[in-house]
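1. Next comes the sequence, and after it the predicted model I'd like to discuss.
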Amino acid sequence: MSTANPQPLWQPDPERIAQARITQFQAWAAEHHGAPAEGGYPALHQWSVDQLDTFWKAVTEFFGVRFSTPYAHVLGDRSMPGAQWFPGATLNYAEHALRAAAERPAESALLYVDETHEPQPVSWAELRRQVGSLAAGLRALGVRPGDRVSGYLPNIPQAVVALLATAAVGAVWTSCAPDFGARSVLDRFQQVEPVVLFTVDGYRYGGKEHDRREIVAELRRELPTVRAVVHIPLLGTEAPEGALEWSALTTGDTEPVFEQVPFDHPLWVLYSSGTTGLPKAIVQSQGGILVEHLKQLGLHCDLGPEDRFFWYTSTGWMMWNFLVSGLLTGTTIVLYDGSPGYPDTGAQWRIAERTGATLYGTSAAYVMACRKAGVHPARDHDLSAVKCVATTGSPLPPDGFRWLHDQFADSGADLWIASVSGGTDVCSCFAGGVPTLPVHTGELQAPGLGTDLQAWDPSGNPVIDEVGELVVTNPMPSMPIRFWNDPDGSRYHDSYFDTYPGVWRHGDWITLTSRGTVIIHGRSDSTLNRQGVRMGSADIYEVVERLPEIKESLVIGIEQSDGGYWMPLFVHLAPGAVLDESLLDRIKRAIREQLSPRHVPDEIIEVPGVPHTLTGKRIEVPVKRLLQGTPLEKAVNPGSIDDLSLLDFYEDLARKRA
Ligand SMILES: CC(=O)CC(=O)O
C-alpha cells in the first residue's frame with residue numbers, strides 16, 4: 001500500500017470544474033438547502049453525510065424527480081438493515097428513464113453496436129413507443145405489479161425495452177446473459193419464479209454464432225411458473241412452439257402507462273454469488289435506484305443530455321443496469337453486444353470512437369490487457385469526444401493509471417480517469433469519480449456523496465492511512481430492500497451486518513487516505529471476482545464434484561499486482577484417479593457448459609487434501625492469504641483447522657510462486 005503520493009496525476013482545469021453538474025448542484029444546494037458554498041467537494045461530502053435527509057431531498061429536487069404522491073419524510077426508520085426511504089411517496093423509474101422523449105424525440109436514446117462495430121440508433125420516441133407497446137402486451141398477458149419478468153438476453157436494445165416495460169408495469173425485472181449455462185440461470189431464476197421469459201435463440205461472440213435453443217428449451221422445462229416465452233430471433237430462427245414473437249408485442253403505438261408504485265417497490269433482482277448456497281437474490285427498489293443513480297450518473301459521472309455513455313458489460317452484471325440508468329440523465333447509452341477483444345484487443349476503443357462516447361467505462365483488466373498488447377488507443381482512434389475513461393471490476397493498478405494518462409496526454413487530450421468501486425449489492429459505487437477533484441495514481445478520487453464510507457479495524461475503530469474493512473455507516477437508498485427467498489431476513493443480515501451490527505460491511509479491504517482518497521485492496525472474504533463478475537465458489541464445487549474422479553475441490557482468486565487475476569482450482573482426487581489431459585478437459589468442459597466460460601479456472605492443481613475449519617467449511621480465505629505471501633502463523637488460526645499438515649502444500653506453492 002502506498003499513500004505517500006501527494007502529486008496528482010491529473011487536475012481538472014477551471015473550465016471543467018465550472019461546468020461540472022456537481023459544481024452547479026453545490027451552488028444550488030447552498031442557496032436552497034444550506035449546503036456549504038465554499039470548501040469544494042470535501043465540504044459538500046461532509047454535509048451530505050451529516051445532513052443525509054436534506055442531501056437526498058436536494059437530489060430529488062435538483063433532478064426534478066416526479067413523486068405522484070408526496071413523501072411524508074425523506075428517511076423514516078434509518079436503521080440498517082431496513083431503513084425506510086421516502087415513506088408515503090409513489091413514483092415510477094421507467095417514467096423518469098423516458099423523460100427525454102418529450103423534448104428530444106428524434107435524438108438517439110440508444111446506440112446499438114454488435115461485432116460489425118457499426119452503431120445503429122434507436123430514438124427516444126421509438127424507445128418510448130416500444131416500451132408503451134410492450135408494457136401493454138405484458139399487462140394483456142396478465143403481468144401485475146410485483147410479478148417477476150426474466151430475460152435470458154445479451155446487451156441489445158430489446159433487453160432495455162423489456163426492462164423498462166417491466167418497470168412501467170411495476171413488475172420486477174431480472175436478467176442473465178446468454179453465455180450463462182442452464183444450471184447458472186436456473187439457480188437464479190428458479191428462486192424468483194418468473195411469469196415471463198424473454199429469450200434469444202443465440203448470440204454472436206468472437207466472430208462465431210452460439211446457438212442457445214437447447215438451453216432455452218431446458219429453461220422452459222425447468223421454470224414451471226413461466227406463462228409466456230417471448231422469442232427474439234437474433235440468429236434469425238423461427239419462434240419455438242408456444243413462444244410469442246417479439247415483433248408481435250412491440251409494433252403497437254400505445255402511450256406507456258406508468259404504474260405509480262411505492263418508493264420501495266421492487267424494481268429488479270440482481271444476483272451475487274457467495275461461497276455457499278445459491279446466489280444471493282438481491283432486490284433493489286424503484287425509488288432507491290432512481291435517486292442513487294441520478295446522484296451517481298448525474299453528479300459523479302457528470303452525465304447529461306449532451307453525453308454518450310458506453311460501458312462494456314453484459315446483462316449478467318450490475319453495470320448493465322447502471323448503464324441503462326444513463327437514460328435517467330437524458331444521456332444516449334451505447335449497448336455493445338460482442339466480445340471485448342474482437343477482432344482484436346483494441347475493439348472497445350474502436351466502439352468508443354464510432355459511437356462518439358464521452359464517458360467510456362470498462363474493466364481494469366481490459367485496460368491492463370491493452371497496455372500489455374501495445375494498443376495505442378488515442379493515437380490510433382479519434383477519441384476526442386472521450387472526456388472520461390472509467391474502470392471497475394477490480395482496482396486499476398498504478399501502471400494502468402499511468403498508461404491511460406500517457407496514451408491520451410501524448411495526443412494532447414485531457415483525460416479524467418475515474419476508477420470506481422461498489423458492487424451488485426448496492427448497484428452503485430461507494431467511492432469513485434468526482435469531476436472536480438484531482439486524480440492520484442492508483443487511487444479512487446473520493447467516497448460518494450451521501451455515503452459515510454470508512455475503513456474500520458477489527459474492533460470497529462475508524463482508521464486513516466491504514467488498511468481496514470470497507471464499511472458504510474449510514475443507509476444508502478439503493479441498498480437491498482431484501483433478498484428474495486429470505487423470509488426472516490437472516491441471509492441479508494448475515495451478508496453485511498453480522499460483523500458490525502447496524503453497519504454495512506462490504507467485504508473489501510480499503511485505505512482511506514488523509515487526502516480523502518480511497519485505495520481498494522481486494523476482497524476481504526473469499527468471493528471470486530473476475531473482471532467484476534462475482535462468482536460463487538459453491539457453484540464451481542457443485543459442478544466439479546459431480547465428476548466421480550474428484551473427491552473435493554477448493555477455488556480461490558488472487559488479485560495480482562499487474563491488475564491480473566489468478567484463479568486456481570485445487571482438486572483432491574478420488575483413489576485411483578489421475579489428473580491427465582482427459583480429466584483436465586472434462587473438468588473445464590463441465591464448468592464451461594454448466595456455468596460459463598468465465599468460471600473456467602486459470603489452472604487446475606492436484607492437492608493432497610482440502611483443509612477445513614472444525615465445522616467443516618473449506619478455508620478459502622486463509623489459503624488465499626497464504627498464496628498472497630502471508631506467513632502461515634498469520635494466515636490461519638491453527639486451532640480452527642481440521643488437518644494443519646495439509647497447509648504445507650499451499651505454503652510450499654506460495655513459496656514457489658513468490
Ligand atoms: C461498481 C462496481 O464495483 C462494479 C463491480 O466491480 O462489481
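-> Yep, that arrived. Please read all numbers here as calculations on a predicted model, not as lab measurements.
2. can I assume Pro398 is in contact with Ser419?
-> No. At 10.5 Å, Pro398 does not count as touching Ser419 under the criterion of C-beta atoms under 8 Å. Heads up, the C-betas are built off the backbone N, CA and C, glycines and all.
3. between those two, which one's more packed in?
-> Ser419 (29 against 17; other C-beta atoms under 10 Å).
4. so what's the residue nearest to Ile519 when sequence neighbours are not counted bridging to?
-> Counting by C-beta to C-beta, 6 or more residues apart in numbering, Ile519 lies nearest to Thr511, which is 4.3 Å off, once chain neighbours are set aside. Following DSSP bridges, Thr511 is listed with bridge partners Val467, Ile519.
5. What count of nearby residues applies to Thr511?
-> 21.
6. For it, list the residues it contacts.
-> Met1, Thr3, Ala455, Asp465, Glu466, Val467, Gly468, Val518, Ile519, His521 (C-beta atoms under 8 Å, 6 or more residues apart in numbering).
7. Pipe these into CSV and attach distance to the ligand per row.
-> Shown next, in CSV, are the contacts of Thr511 (distance: C-beta to the nearest ligand atom, whole Å):
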residue, distance to the ligand
Met1, 19
Thr3, 21
Ala455, 17
Asp465, 23
Glu466, 22
Val467, 18
Gly468, 18
Val518, 12
Ile519, 14
His521, 14
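8. which among these end up buried?
-> The neighbour-count criterion (16 or more other C-beta atoms under 10 Å) marks Thr3, Ala455, Gly468, Val518, Ile519 among those as buried.
9. pLDDT score for the first one?
-> We note a pLDDT of 47 for Thr3 in this prediction.
10. From the ligand, how far off is the closest residue to Ser421 other than its chain neighbours?
-> Excluding its sequence neighbours, the residue lying closest to Ser421 (C-beta to C-beta, 6+ apart) is Ile520, at 5.0 Å. Distance, Ile520 to the ligand, using C-beta to the nearest ligand atom, to the nearest Å: 9 Å.
11. Count the neighbours of Ile520 for me.
-> 23.
12. Check the buried ones among the contacts of Thr511 and tell me the two furthest apart.
-> Greatest spatial distance in the buried ones among the contacts of Thr511: Thr3 and Gly468, 12.9 Å, computed using C-beta to C-beta.
13. Domain parsing of the chain, as residue ranges.
-> Domains of the chain are assigned by automatic domain parsing as 14-339+420-518, 523-657.
14. can you put the ones you listed in TSV and add distance to Ala357 and mean pLDDT?
-> Shown next, in TSV, are these (distance: least, C-beta to C-beta, whole Å; pLDDT from 0 to 100):
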stretch	distance to Ala357	mean pLDDT
domain 14-339+420-518	4	96
domain 523-657	19	87
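15. okay, those in a markdown table with distance to Thr392 next?
-> Shown next, in a markdown table, are those (distance: least, C-beta to C-beta, whole Å):
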| stretch | distance to Thr392 |
| --- | --- |
| domain 14-339+420-518 | 5 |
| domain 523-657 | 6 |
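16. from those, which stretch is densest packed?
-> domain 14-339+420-518 (a mean of 20; mean count of other C-beta atoms under 10 Å).
17. Which stretches in the stretch 1-150 of the chain count as strands?
-> Applying DSSP state E, counting those that start in this stretch to the stretch 1-150 of the chain gives strands spanning 90-91, 108-113, 120-123, 148-152.
18. Tell me the strands beside the last one, with direction?
-> Translated: strand 148-152. Counting by DSSP bridges, strand 148-152 is paired with strand 172-176 (parallel), strand 196-200 (parallel).
19. Distance from the chain centre to that strand, please.
-> 18 Å (C-alpha atoms, centre = their mean, to the nearest Å).
20. The shortest one now?
-> Distance, stretch centre to chain centre, for strand 90-91: 25 Å (C-alpha atoms, centre = their mean).
21. packing partners for that strand?
-> Counting contacts by 3 or more C-beta pairs under 8 Å, 6 or more residues apart in numbering; DSSP states H and E, strand 90-91 packs against strand 261-262, helix 286-293.
22. Can you lay out these as TSV showing distance to the ligand?
-> As requested, the helices and strands packed on strand 90-91 are exported to TSV (distance: least, C-beta to the nearest ligand atom, whole Å):
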stretch	distance to the ligand
strand 261-262	26
helix 286-293	12
